[in-house]
Structure formats: structure tokens, C-alpha cells
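Enquirer: here's a sequence, model it:
(one chain, ligands or ions: 3)
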Amino acid sequence: MSLSRTALVLFVALGGCVATASAAPLTSADTNGDGAISRDEAMQAQNDSFDRLDNDGNGQLDPDEFDAGQPSAPEDASKADIARRKQVVSRWFNQIDADDSGQVSKAEYRDAVSPYFDRLDANHDGKISQTELRESFQEVDEAQAELGG
Ligand SMILES: [Ca+2]
Ligand SMILES: [Ca+2]
Ligand SMILES: [Ca+2]
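Expert: Numbering: from 1, shown residues only. Ligands and ions are numbered 1, 2, ... in the order given. Modelled structure (predicted):
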């Protein structure tokens, strides 16, 4: 899995808005406002994101619920772009659905973030700083491009 994809998944997971990423100082995940995202904050954000996406409240994300949490295709996207996005999102879903149950549980959704957190935490201090996050924006842009944006 490329860093661009991991960054995007994490960023989406953290509830950040990709379109305004470069303008935003930090995502809403920084709940204690110390300018960095700790692992606990990332996990909490991931839990919150899961709860938002779990429309029918059954504790599992089906592919449609998961899809709703991913960046949508731009309005002027071609049919091919939209088909490509669908493929990419479906690949992410299958990667996160570790037990191949066809549903993403909260644990699977949360666990999916952990390795990405480690990769974005470039200096390994257990927090993603504003600088580390900013450096990931470039990767997010590339992942966005992969979605046809
Ligand atoms: Ca559900
Ligand atoms: Ca599963
Ligand atoms: Ca760090």
C-alpha cells in the first residue's frame, strides 16, 4: 500500500476535509488543542467517524456506508473516473475487512489506522504534529488524483 493511500485513509478517518486540508491548521481530531494528534485522539476520531458512517447503527459498515465516508468524485468526473473511484474504494474496503466478512467492524476500522499513524509520525514521538500532517497533504493530493479528483 502506498503512502499516498495510507495518508488519505488516515486523513479521511480523522474526519479531515481533504479539499480544505492545506488551509486547515489541524483536523478536528486534535481534541485537546495541543497542535498535535496523539494516538488516543486518532483512535477516538476513528471511533467517531465509524459511528457517523454506521447509518443503520448495526455496529458494522457495509460497502455503501464505507463508501459514504470516502471523498466523492468531483462533479465533472467522467464515467470512467467514477468507475475507477468505485474500484479504489472497494479495494480499500477489502483491505480493511480483515476477516473477509463483507462488513467492516469498528475494531477493523480502528485497527486500519494504526499502521498509518506510525508512518505519518515521522519522528516517532507518538504524535502527529502539524508539520508531519502538512507533509502528508501532498500525499493526500496524489491519492485524491488517483480517485479522479
Ligand atoms: Ca451499518
Ligand atoms: Ca469484517
Ligand atoms: Ca511526531
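
Enquirer: is the one helix or strand Trp92 maps to anywhere near ligand 1?
Expert: Counting by DSSP states H and E, the element that carries Trp92 is helix 79-96. No. Residues of helix 79-96 are not located near ligand 1 by CB under 5 Å from the ion, the shortest gap being 12.8 Å. (Glycine included, C-beta is placed from N, CA and C.)

Enquirer: then stretch 40-52?
Expert: No. Applying CB under 5 Å from the ion, one finds stretch 40-52 separated from ligand 1 by no less than 9.4 Å.

Enquirer: by mean pLDDT, flag the weakest helix or strand of this structure.
Expert: In the chain, no helix or strand scores lower on mean pLDDT, DSSP states H and E than helix 3-13, which sits at a mean of 50.

Enquirer: does whatever residue of the chain ends up closest to ligand 2 count as helix, strand or coil?
Expert: Residue nearest to ligand 2 within the chain (CB to the ion): Ser101, separated by 3.6 Å. Secondary structure assignment for Ser101 (DSSP: H, G, I helix; E, B strand; the rest coil): coil.
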